[in-house]
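**Student:** Provide a 3D model corresponding to the input given below.
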Amino acid sequence: MSLLASFRAYGDTLSGSADGETADREEQEDDESNGGTGSTGGDTRDSGQGDDHSGDFYEDEVEDINAARGRKRLKVFAKKVAGDLGIPVDLLEAFTDLSVDERMMTIYGQLLMYSRDKEADAGQAYLESALFTNILELRLTAVLVSPYLSAYHTNLAEKVFEYARVNPDAFKIPHSVQNDPDLMQMLLSKIRDMLTVLRGKLKYWLVQSVEHGYSAEYALAGFLKKCVIDARGAHWGCFAFLRRSLVVFLQQEKKSILLPSEENNDQEEPQDQEPAAKEEPQYSASSYWGFVDDLLSEQRADAHSKASADMPYHTILQKEVSETLRKDLKKYPLYNTDGTQKTSKKHGGKLALKKRKRGPPSDVQPQEWQDALEKALVWL
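**Tutor:** Alright, predicted model coming up:
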């Protein structure tokens, strides 16, 4: 190649490079003026994003480290608290492993359990208190003198308990007792025990009335001493029935009828002998109330068999009670032949005419709850 040609070629190369550099500078200036949207700007953004991810990773790592340190501090503090309170360390250390929400739920559950236990303790203390004992004694005394009672022993405690469960206000039973099955079972046991005591007290006055010839009104006043119970003629009729049944019971007991022995039961009955008639049930000396329940059952059966449109079932029962009371008043009058009342210094003097002490203010007028209780305890 000639020198001139070489010279010309070299000039073209310089011109192209200069044009390229000029174009690159113009493109860069355009990118800068447009906010860095060019390729160089793109590389810069990619580099920036890479730096951002590195920062997030670093922050997560720092957060994990701080959380671990926090748990460690909690465990150390848990050991200190356990040592101060004298409780197992494992319980508090396990608590530190829970999340915040889990801890709050655990604390709330413990508070509910504490409140429940505290309420149960208060309910038990109330059932054992003298206040509730007096209330329950008054209610059960009214039950035993009720003229409509279906039974004095069989299922009586369960029937009273069911009525108290459905009508807690009548027995002044608080919610702390109603909502606790164990306390309700305790209430049932208390009802059973108190009914046993009151039946013994009532039987004592029945025996005393027979031995000393007290009238039904006088003897019933002795049983109801210090109780605010509205005793009416129907209640005297109830007492008269119980006294008459006691006399029959004692007469049967005096017959000294021996219960069949096992040896006699093992003997075979002769083939030519006619079947023996159904024997009357035998009662021990302590089974008086079972005898009364059986007698009431026979009375109801007899009234049902005689009932008609002209003479309803309940009318027959009422007439029998009235007749029993009439005969009782004739045999055991309230007054002597000289017009003085039959009394006994041993049992508090003129009980029937003596004004009884009133109970708590809420029980001064028991007519409403007494009537409701008497009507509810008719299940046969």
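**Student:** going by neighbour count, list what's buried in the helix or strand hosting residue 327.
**Tutor:** Assigned by DSSP states H and E, residue 327 falls within helix 313-331. For helix 313-331, the neighbour count (16 or more other CB atoms under 10 Å) marks 316, 317, 321, 324, 325, 328, 329 as buried. The way it works is simple: take the backbone N, C-alpha and C, and place the C-beta from them, glycine included.
**Student:** and residue 165, how far from residue 60?
**Tutor:** Using CB to CB, to the nearest Å, we find residue 165 at a distance of 61 Å from residue 60.
**Student:** between those two, point out the one with more neighbours.
**Tutor:** residue 165 (14 against 10; other CB atoms under 10 Å).
**Student:** wouldn't the more buried one be in contact with residue 185 here?
**Tutor:** No: contact criterion CB atoms under 8 Å: residue 165 and residue 185 do not qualify, at 11.3 Å.
**Student:** now do residue 97, the pLDDT please.
**Tutor:** Residue 97 carries a pLDDT value of 80.
**Student:** give me the number of residues near it?
**Tutor:** 11.
**Student:** distance-wise, check it relative to residue 237.
**Tutor:** 74 Å.
**Student:** what of residue 293?
**Tutor:** Following CB to CB, the distance that separates residue 293 from residue 237 is 18 Å.
**Student:** tell me the helix or strand right after the helix or strand containing residue 201.
**Tutor:** Counting by DSSP H and E, the element that carries residue 201 is helix 181-212. Downstream of helix 181-212, the first helix or strand assigned by DSSP H and E is helix 216-223.
**Student:** that following helix to helix 313-331, inter-axis angle?
**Tutor:** 90 degrees (axes from the mean of the first three to the mean of the last three CA atoms, to 10 degrees).
**Student:** restricting to C-alpha, output whatever helix or strand comes next after helix 216-223 in PDB.
**Tutor:** Downstream of helix 216-223, the next assigned helix or strand under DSSP H and E is helix 233-254. The C-alpha trace of helix 233-254 is given here as PDB (Å, rounded to 0.1, in the frame of the first residue of the first chain):
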ATOM      1  CA  GLY A 233    -105.800 -28.200 110.300                       C
ATOM      2  CA  ALA A 234    -104.500 -30.300 107.400                       C
ATOM      3  CA  HIS A 235    -101.100 -30.500 109.200                       C
ATOM      4  CA  TRP A 236    -102.800 -31.800 112.400                       C
ATOM      5  CA  GLY A 237    -104.600 -34.400 110.200                       C
ATOM      6  CA  CYS A 238    -101.200 -35.500 108.900                       C
ATOM      7  CA  PHE A 239     -99.900 -35.800 112.500                       C
ATOM      8  CA  ALA A 240    -103.000 -37.700 113.500                       C
ATOM      9  CA  PHE A 241    -102.400 -40.200 110.600                       C
ATOM     10  CA  LEU A 242     -98.800 -40.700 111.700                       C
ATOM     11  CA  ARG A 243     -99.800 -41.200 115.300                       C
ATOM     12  CA  ARG A 244    -102.400 -43.800 114.400                       C
ATOM     13  CA  SER A 245    -100.000 -45.600 112.100                       C
ATOM     14  CA  LEU A 246     -97.500 -45.600 115.000                       C
ATOM     15  CA  VAL A 247    -100.000 -47.300 117.300                       C
ATOM     16  CA  VAL A 248    -100.700 -50.000 114.700                       C
ATOM     17  CA  PHE A 249     -97.000 -50.400 114.100                       C
ATOM     18  CA  LEU A 250     -96.200 -50.800 117.900                       C
ATOM     19  CA  GLN A 251     -99.100 -53.300 118.300                       C
ATOM     20  CA  GLN A 252     -97.700 -55.300 115.400                       C
ATOM     21  CA  GLU A 253     -94.300 -55.200 117.000                       C
ATOM     22  CA  LYS A 254     -95.700 -56.500 120.300                       C
END
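**Student:** from the contact counts, what lies against helix 233-254?
**Tutor:** Applying 3 or more CB pairs under 8 Å, 6 or more residues apart in numbering; DSSP states H and E, we find helix 233-254 packed against helix 181-212, helix 216-223, helix 288-306, helix 313-331.
**Student:** nothing else from me, thank you.
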